[in-house]
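In: build me a model:
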Amino acid sequence: GDSFDTYVNVWDRKLAADSISKGGVHELFAFLNQFYLDNSCHGSRQSAGCGTVHMLSMGHSFGALIDFQAFVGRLESGLNVGDCERAYGFGDMTILLNPAFEGARYRSFFNTAMNRPGYFGDAGYAGQCAGESGSAPQIPTVVTLQSLGDWATGTTFPIFRWVSTRFSQTLSPDESREQVEATGWVKAFRTHRLALSTQSDNTDSCVAAAPSGPKSYCPFSNLNVKTDPANSNRWQGLVLTFDPADLHPPPPSYMPAWSVAVDKHIMADHDDFWNPQIVRLISLLFESAYEQTERLHGER
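Out: Numbering: from 1, shown residues only. Down below sits the predicted model:
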């Protein structure tokens, strides 16, 4: 429904989203999650013929609040697998588009992701995890895409959160910020930046701001991503930069929780989430997730 059509109804819509996220929607999501797990290739379910079901979940604005609030227990369970095992989430991947919920809700999940010693594909973790070539690297399970041109979550959301939490007690300045800032704007969670390429050949690329630091999965160059020369002039190339400069301590390699700051020339504002470039990026990420599952279990 309406989310930011007026400055006033933001309170009403957030309360509605909170109510929905705690209600009967859990039964639907629990059924979908169990059906996915029963037919997936995670943990003890790695049997012949697994990987026949794939699922992508997406939520925008207060819809992202509903998704995350309803999924968070299952998302954390997917992180609590053994060291070097592939983390999983709700289905193959969850995408949060310009999420309209405070960073404080995301903190516990983020801490769990940050504090795992090693992820699938991290060759640097005491030599125990699989190498990073081929289909090995951990693919993100939760991706937050936050437009830097989104005034609704960037300006309006903090104002109403400041008013509604004015007398809440917090233990630190960081906690105070996370109480009022929308999740995608919390710099302490930010892992990537997405911008347009300046190269004339319109190719997509991934860049590591600190090449000697932790590594991240690249959806443009790994697995079986198709390139069609006939489409090269349809859009300007994307550059995905892994730059967790505000994360302390540094994240582990192949961390599955991404928070991506999206240039406003790609996603202009709060409601521009159907921009073809964003749809294309989501398609590549999802394709990578299900193709990796099938490759790891001999389906490809």
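
In: list the contacts for the residue lying closest to A209 once chain neighbours are set aside?
Out: The shortest distance from A209 to any non-neighbouring residue, by C-beta to C-beta, 6 or more residues apart in numbering, is to D243 (3.7 Å). Using the backbone N, CA and C atoms, a C-beta is placed for each residue, glycine as well. Shown in contact with D243 (C-beta atoms under 8 Å, 6 or more residues apart in numbering): R190, T191, H192, R193, A209, A210.

In: how about 10 Å then?
Out: R190, T191, H192, R193, V207, A208, A209, A210, G213, S216, A261 (C-beta atoms under 10 Å, 6 or more residues apart in numbering).

In: ok, it to D269 distance?
Out: 23 Å (C-beta to C-beta, to the nearest Å).

In: other SSEs contacting the lengthiest helix in the chain?
Out: Secondary structure of the chain read by DSSP state H shows that its longest helix is helix 276-296. Here helix 276-296 touches strand 56-60, strand 93-97, strand 142-147, strand 192-196, strand 238-242, strand 257-262, going by 3 or more C-beta pairs under 10 Å, 6 or more residues apart in numbering; DSSP states H and E.

In: for the helix or strand encompassing F35, packing partners?
Out: Assigned by DSSP states H and E, F35 falls within helix 25-38. Here helix 25-38 touches helix 9-21, strand 56-60, helix 62-79, going by 3+ C-beta pairs under 10 Å, 6+ apart.

In: thinking again about what came up before, now the contacts of D243: which count as buried?
Out: Taking 16 or more other C-beta atoms under 10 Å as the criterion, what is buried in the contacts of D243 is R190, T191, H192, R193, S216, A261.

In: for the contacts of D243, which one is nearest T153?
Out: Among these, A261 lies closest to T153 (C-beta to C-beta), at 12.2 Å.

In: may I have the beta-bridge partners of that closest one?
Out: Q146, R193 (DSSP bridges).

In: relative to F242, how far out is it?
Out: From A261 to F242 the distance is 12 Å (C-beta to C-beta).

In: which residues do the two both contact?
Out: T191, H192, R193.

In: could those be laid out in a markdown table, adding pLDDT and distance to P99?
Out: Putting the shared contacts of A261 and F242 into a markdown table (pLDDT from 0 to 100; distance: C-beta to C-beta, whole Å) gives the following:
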| residue | pLDDT | distance to P99 |
| --- | --- | --- |
| T191 | 96 | 15 |
| H192 | 97 | 15 |
| R193 | 97 | 17 |
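
In: what is the nearest of those to S283?
Out: For the shared contacts of A261 and F242, the nearest to S283 is H192 (17.3 Å; C-beta to C-beta).

In: now the closest residue to the closest one other than its chain neighbours: how far from D271?
Out: What sits nearest to H192 in space, not counting adjacent residues and going by C-beta to C-beta, 6+ apart, is V260, at 4.3 Å. Shown here: V260 relative to D271, a distance of 18 Å by C-beta to C-beta.

In: which of these two has more neighbours?
Out: V260 (21 against 17; other C-beta atoms under 10 Å).

In: and the more buried one, what's its pLDDT?
Out: The confidence metric pLDDT takes the value 98 at V260.

In: ok, the residue nearest to H192 - contacts?
Out: With the criterion set at C-beta under 10 Å, 6+ apart, V260 makes contact with 140, 143-147, 184, 190-194, 240-242, 267, 281.

In: pLDDT weak spots in this protein?
Out: Along the chain, segments meeting pLDDT under 70 span 1-24, 41-51, 127, 130-135, 162, 164-171, 175, 221-234, 296-300.

In: returning to that earlier point: I'd like the distance between the residue nearest to H192 and A289.
Out: Taking C-beta to C-beta, one finds V260 at 16 Å from A289.

In: try H248
Out: Taking C-beta to C-beta, one finds H248 at 29 Å from A289.

In: my read: M55 touches I95, true?
Out: No: using C-beta atoms under 10 Å, M55 makes no contact with I95, being 11.8 Å away.

In: look at those two and report which has more neighbours.
Out: I95 (24 against 19).

In: the more buried one: what's it in contact with?
Out: Contacts of I95 by C-beta under 10 Å, 6+ apart are 56-60, 64, 67, 140, 142-145, 258, 273, 278, 281-282, 285-286.

In: give me that answer again for 7 Å
Out: For I95, the contacting residues are M58, V143, L145, I282, by C-beta atoms under 7 Å, 6 or more residues apart in numbering.
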